[in-house]
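[1] What would the 3D arrangement of this be:
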Amino acid sequence: MNRAEAARRVRELTELINQANQRYYQHDDPIMSDPEYDRLMRELEGLEEKYPDLRASDSPTQRVGAPPVSGLARVTRELPMLSLANVFSEEELLEFDRRVKKLLGGDGEVEYAAEPKLDGLAVDLIYENGVFALGSTRGDGVTGEDITPNLRTIRSLPLRLRSGVDAVPERLNVRGEVLLAKKDFVLLNREREETGEPVFANPRNAAAGSLRLLDSRITAKRPLSIYLYEIPHEVPGVLTHADSLTYMASLGLPVLPESVVCMGALEVQRRHGELLRLREEFPFELDGMVVKVNRKNLQAELGQVSRSPRWAIAYKFPAQEEETVVEDIISSVGRTGALTPVAVLRPVQVGGVTVSRATLHNQDEIDRKDVRPGDTVLIRRAGDVIPEIVKVLPEQRKPGSAPWRLPDRCPVCGSPTLREEGDAAIRCTGGVSCPAQLAEGLRHFVSKDAMDVEGMGDKLIAQLVEKGLVRTPADIFRLDFEQLRGLDRMADKSASNLVAALDKSRRNTLARFIYGLGVRHVGEHMAKVLARAFGSIEAIQSATLEQLLSVHEVGPEVAASIRAWFDDPNHQRMIQELFAAGVTLDAPRAAADRPLSGKTVVLTGTMTAMGRNEAKQKLEELGAHVAASVSKKTTFVVAGEDAGGKLDKARELGVRVMNEQEFLAMIREMEG
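    Next up, the predicted model:
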């Protein structure tokens with residue numbers, strides 16, 4: 001067989017195997033036997049091995065996974081993934097319906113789409129010219145993790161869209177949920193038990209953990225499924241949510257057939273009852289029903305509030321509850337010193353998940369519910385929410401039980417505990433001298449969103465603290481190869497890799513550094529706000545309360561917390577030690593120093609030297625606004641390979657167009 005014949009056969013085999021995958025994984029309707037499927041796959045693998053240039057990114061052979069990567073890259077999306085507000089009763093559903101009617105200025109019945117709310121991991125997918133190009137997790141809505149190699153292993157996800165009546169769009173953004181069926185979850189946990197691995201808490205955790213693995217070859221062994229439910233941008237001819245599901249199905253994308261259109265809230269309520277009755281026999285975990293205004297033009301008119309759309313809600317199912325016994329109450333110590341009481345429970349199945357612990361939050365919660373060791377209690381688990389004790393059953397309380405209180409000394413270091421006025425938490429006063437606080441603080445400091453020290457996990461940190469090798473964050477950057485190779489389960493290669501990771505982490509961004517410090521009330525987003533507003537750690541250290549309060553999004557509680565943290569001599573010394581250990585910070589560029597400030601740029605086509613997401617990040621760092629469509633306000637368009645309609649539009653409007661080489665040259669010049 002020559003190359004031309006091989007290319008034709010590869011196309012034939014790809015089409016046959018893709019059809020088989022779709023019928024088997026999406027419709028449970030196999031069109032060939034397993035031996036026949038295996039024979040076709042072996043033939044395709046043989047041809048691709050002989051002619052490697054025929055191995056396309058959307059080949060069925062690519063579903064076996066790829067070698068491990070060093071970490072998950074970040075993806076910043078053009079259209080944010082919104083979170084849904086929840087309702088829990090018919091009354092709250094009717095209130096949502098009244099609010100929609102009021103905003104639309106009418107009192108006629110509204111047409112809603114109602115569909116099962118799948119309890120999985122939300123994902124965002126991009127198809128370019130019909131080929132699956134990028135997939136990411138929800139993250140914070142705007143920025144997620146790149147899980148493209150892992151998503152490629154999901155058999156029910158087409159790597160190339162099927163052409164329908166209309167041409168496949170140049171760029172299609174779809175969203176959905178990755179899941180693990182209940183039966184597959186049981187089998188997976190059974191296998192993990194047999195091999196001595198920790199079991200997953202529930203199907204959602206198993207799916208999420210599988211998608212975040214750095215080795216997609218392991219993901220490929222997990223029987224994950226995916227269902228798509230949304231197109232976040234306009235598509236010609238798609239006028240309703242129901243239309244979007246039909247359109248996605250026409251392209252070969254898996255959608256749930258259980259989505260129905262309801263006229264008015266009463267029909268929605270009836271559908272909710274039907275799905276609730278189907279809950280136990282449904283192959284996947286459901287935690288409610290999603291209700292959406294069906295017509296796209298009305299969705300646009302209703303808009304959104306904060307991070308939730310006004311046109312959709314999650315109508316949750318009743319929480320699942322069971323009785324069990326509190327065998328003990330223990331205290332855990334967090335990085336801020338807060339003591340958290342945890343109820344150790346007699347293991348009980350709640351909604352198909354074994355529950356053996358429940359947080360009691362703080363002393364006030366214990367007092368309010370009067371939870372005591374030995375009590376029989378009602379446990380609730382709703383979806384993937386941490387199990388909680390709903391109430392004590394006092395009629396079953398044994399004689400002689402006494403109220404439980406958090407200790408007046410830290411259970412880890414023995415330091416006195418203290419509850420400050422206005423604080424719900426009781427805290428250990430030991431500070432970083434408390435091994436628990438030190439370890440938790442270090443875990444936060446080296447975490448992915450903070451200093452991002454790859455390879456420094458919980459067990460290693462526990463060892464470093466236990467052996468006295470690390471007493472402050474700065475000590476992490478003083479670790480050397482000899483110290484590390486002497487630790488348990490730390491081979492020479494692992495030690496070398498960690499030393500390299502520490503060297504890489506020494507130079508970091510101001511925002512990551514601020515977040516890693518662990519200032520109370522300063523999360524990842526607030527750290528970015530402070531970095532942009534002040535530009536250096538020295539400026540934040542010397543900022544007055546008034547200066548802090550003048551920053552948009554910084555309120556009195558946050559400002560007071562920041563000021564108190566930086567006024568602490570121990571914290572001042574910690575920062576000095578970090579800089580002495582070689583930490584350097586890249587401050588955000590001021591607007592005046594960003595050469596593309598005020599410019600609007602559009603990216604189109606496939607870029608070879610730099611991915612579209614990386615190009616977008618570069619442009620934004622230089623001050624540009626990256627838009628999704630071309631208009632008269634567009635400053636210039638960057639056109640990669642196979643650029644389509646956007647390139648034509650730019651030429652029609654006389655907008656400047658540069659190719660990828662010109663764009664890269666411009667970036668290099670601007671970055672100096």
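[2] Go through the chain and flag its longest helix.
    helix 3-21 (DSSP state H).
[3] tell me which strands and helices the following helix or strand past it is in contact with?
    Downstream of helix 3-21, the first helix or strand assigned by DSSP states H and E is helix 34-50. Applying 3 or more Cβ pairs under 8 Å, 6 or more residues apart in numbering; DSSP states H and E, we find helix 34-50 packed against helix 3-21. Where you see a C-beta, it was placed from the backbone N, CA and C, and this is true even at glycine.
[4] Could I get the average pLDDT for the helix it packs on?
    Averaging pLDDT along helix 3-21 yields 88.
[5] got the CA positions of it in PDB?
    Only the C-alpha atoms of helix 3-21 are listed here, as PDB (Å, rounded to 0.1, in the frame of the first residue of the first chain):
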ATOM      1  CA  ARG A   3       1.100   6.600   0.800                       C
ATOM      2  CA  ALA A   4      -1.900   7.800  -1.200                       C
ATOM      3  CA  GLU A   5      -3.700   4.500  -0.700                       C
ATOM      4  CA  ALA A   6      -2.800   4.600   3.000                       C
ATOM      5  CA  ALA A   7      -4.200   8.100   3.400                       C
ATOM      6  CA  ARG A   8      -7.500   7.000   1.900                       C
ATOM      7  CA  ARG A   9      -7.700   3.900   4.100                       C
ATOM      8  CA  VAL A  10      -6.900   6.100   7.200                       C
ATOM      9  CA  ARG A  11      -9.800   8.300   6.400                       C
ATOM     10  CA  GLU A  12     -12.100   5.300   5.900                       C
ATOM     11  CA  LEU A  13     -11.000   3.700   9.200                       C
ATOM     12  CA  THR A  14     -11.300   7.000  11.100                       C
ATOM     13  CA  GLU A  15     -14.900   7.400   9.800                       C
ATOM     14  CA  LEU A  16     -15.800   3.800  10.700                       C
ATOM     15  CA  ILE A  17     -14.300   3.900  14.200                       C
ATOM     16  CA  ASN A  18     -15.900   7.400  14.900                       C
ATOM     17  CA  GLN A  19     -19.300   6.100  13.900                       C
ATOM     18  CA  ALA A  20     -18.800   3.000  16.100                       C
ATOM     19  CA  ASN A  21     -17.800   5.200  19.100                       C
END
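[6] Pull out the buried positions in it.
    Going by neighbour count (16 or more other Cβ atoms under 10 Å), the buried part of helix 3-21 is 6, 10, 13-14, 16-18, 20-21.
[7] Now find how far off-centre the host helix or strand of Ala122 is within its chain.
    Using DSSP H and E, Ala122 maps to strand 121-128. In terms of Cα atoms, centre = their mean, to the nearest Å, the centre of strand 121-128 is found 12 Å from the chain centre.
[8] what do you get for stretch 565-581?
    32 Å.
[9] and for it, what are the contacting residues?
    Stretch 565-581 is contacted by residues 431-432, 472-475, 477-478, 506, 517, 519-520, 537, 540-541 when judged by Cβ atoms under 8 Å, 6 or more residues apart in numbering.
[10] Surely Ala539 forms part of a helix?
    Yes. Under DSSP: H, G, I helix; E, B strand; the rest coil, Ala539 sits within a helix.
[11] Least confident secondary structure element in this protein?
    helix 612-621 (a mean of 74; mean pLDDT, DSSP states H and E).
[12] so how far is Leu239 from Leu549?
    Going from Leu549 to Leu239 by Cβ to Cβ, to the nearest Å gives 47 Å.
[13] Let's check: the centremost residue of this structure is which one?
    Gly139 (3.3 Å; Cα atoms, centre = their mean).
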